[in-house]
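1. What shape does this take:
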Amino acid sequence: MSILFLLLKIIGVILAVILVFLLLCLFHPVFYQVEGILKEDAKPIVKGKFWWLFQILGFEILFSEGNLSLKIRIFGIGKELSGEKEKDGEDSKEEQKREETDKYTGDPVENKPEITNSRQEIGEPEEQKKSKFRHQKRRGKKQDTGERKKKSGVFSSIKRELSDETNKLAFSHVWREILYLLSHLKPKDAKGEIHFSTGDPAHTGELTGVLSLCPVFYRYKLHVYPDFASDKFYVRGNLSLKGHISLYHFVLILIRLFADKNIRGFLKKIRNRRTKKWETTHFIQQ
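-> Residues are numbered from 1 along each chain as shown. Model prediction:
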């Protein structure tokens, strides 16, 4: 009896640990911090940092001078994910292959004699050139008409799907879920400053008035400094965004989407069309 009680106790502890871990994964927020720096006559610099579960899992992004670098951190140990080294290795392999082919072929490509077309040297008859030109023109018209028919068929199918009442309800539900996700994903804190000039004081003043009406600028610590004295266009500044979102929001969205019968009907319709298309292509190949 004591052994059975001990086994039940161990199973209960394991289940409790699993339940606590699942609750942590669902309700512990994923934090993010994004910083951007824009200098005059320079490429923008963007830094992104994401961390989760008490910074056990982290992810960093850096975009600078047109180069993108990615890094993942697990328990503070970082690992680069950017594929620059792999690309360098592939380039070196390609260069070795080219050198080997040059050795076997003999002369390099630059010293190879140019191959001239015999028809260009001899010259084609004028009637043959005209008939060839007319044939190419007819073929181009056929291709254009085929592409137009294909595009019109795609547009008509999209219009037909959008006009369907069931699909309208499904799309409206998806749009509501996207707005719900954006409302929780929006930054909780933002600060920064922007210095700009359009080169014309009148246009600079108009743009400043438009920006002052945006709720983003007076809701967060964002400051705009227009330059009315400059006679050239420039934009420089910095921006910092901080926020968080929990994973249970994504789980809740997925549950609500799959519980909607209109969305299930739309997905079923797409699946049936794919199966029909596969059956027709398979039948034609046989």
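
2. Which residues lie in contact with residue 46 in this structure?
-> Residue 46 makes contact with 34-36, 61-64, according to C-beta atoms under 8 Å, 6 or more residues apart in numbering. For every residue, glycine as well, the C-beta is placed using N, CA and C.

3. and residue 67, what are its bridge partners?
-> residue 64 (DSSP bridges).

4. Residue 75 touches residue 53, doesn't it?
-> No: the pair residue 75 / residue 53 is not scored as a contact, 10.3 Å apart, by C-beta atoms under 8 Å.

5. So between the two, which is more surrounded?
-> Remark: of residue 75 and residue 53, residue 53 carries more neighbours, 13 against 8, as counted by other C-beta atoms under 10 Å.

6. where in the stretch 1-150 of the chain is pLDDT low?
-> 1, 82-150 (pLDDT under 70).

7. same thing but 90
-> 1-6, 39-44, 53-56, 64-68, 75-150 (pLDDT under 90).

8. Make sure residue 46 is indeed in a strand.
-> Yes: according to DSSP: H, G, I helix; E, B strand; the rest coil, the state of residue 46 is that of a strand.

9. Pop the domain breakdown of the protein in here.
-> Listed domain ranges for the chain are 28-106, 125-160 (source: automatic domain parsing).

10. if we can go back for a sec, mind checking which of the contacts of residue 46 are in helices?
-> Among the contacts of residue 46, no member falls in helices (DSSP state H).

11. Can you go through the residues you listed and name the buried ones?
-> Neighbour counting with 16 or more other C-beta atoms under 10 Å marks 34, 36, 61, 63 as buried within the contacts of residue 46.

12. Which of those fall in strands?
-> 34, 36, 61, 63 (DSSP state E).

13. isn't the third one right up against residue 36?
-> No: with contact defined as C-beta under 8 Å, residue 61 and residue 36 do not form a contacting pair (11.5 Å).

14. okay, and the common contacts of those two?
-> Counting by C-beta under 8 Å, 6+ apart, the common neighbours of residue 61 and residue 36 are 46-47.

15. Residue 41: what secondary structure?
-> Following three-state DSSP, we place residue 41 in the coil state.

16. Give me the buried positions along the biggest strand by length in the chain.
-> Longest strand of the chain, by residue count under DSSP E: strand 233-245. By neighbour count on 16+ other C-beta under 10 Å, the buried set for strand 233-245 is 236-237, 239-241, 243-245.

17. and if you look at stretch 259-273?
-> Result for stretch 259-273 [16+ other C-beta under 10 Å]: buried residues 262-263, 266.

18. average model confidence for it?
-> The average pLDDT within stretch 259-273 is 85.

19. Restrict the helix or strand that comes right after the longest strand of the chain to CA atoms and write it as PDB.
-> Counting by DSSP states H and E, the next helix or strand C-terminal to strand 233-245 is helix 247-259. Provided in PDB are the C-alpha atoms of helix 247-259 (Å, rounded to 0.1, in the frame of the first residue of the first chain):
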ATOM      1  CA  LEU A 247       1.100  33.100 -26.100                       C
ATOM      2  CA  TYR A 248      -2.400  32.300 -24.900                       C
ATOM      3  CA  HIS A 249      -3.600  35.200 -27.100                       C
ATOM      4  CA  PHE A 250      -2.500  33.200 -30.200                       C
ATOM      5  CA  VAL A 251      -4.000  30.000 -28.800                       C
ATOM      6  CA  LEU A 252      -7.300  31.800 -28.100                       C
ATOM      7  CA  ILE A 253      -7.300  33.200 -31.700                       C
ATOM      8  CA  LEU A 254      -6.700  29.700 -33.200                       C
ATOM      9  CA  ILE A 255      -9.500  28.200 -31.100                       C
ATOM     10  CA  ARG A 256     -12.000  30.900 -32.100                       C
ATOM     11  CA  LEU A 257     -11.000  30.600 -35.700                       C
ATOM     12  CA  PHE A 258     -11.400  26.800 -35.900                       C
ATOM     13  CA  ALA A 259     -14.600  27.000 -34.000                       C
END
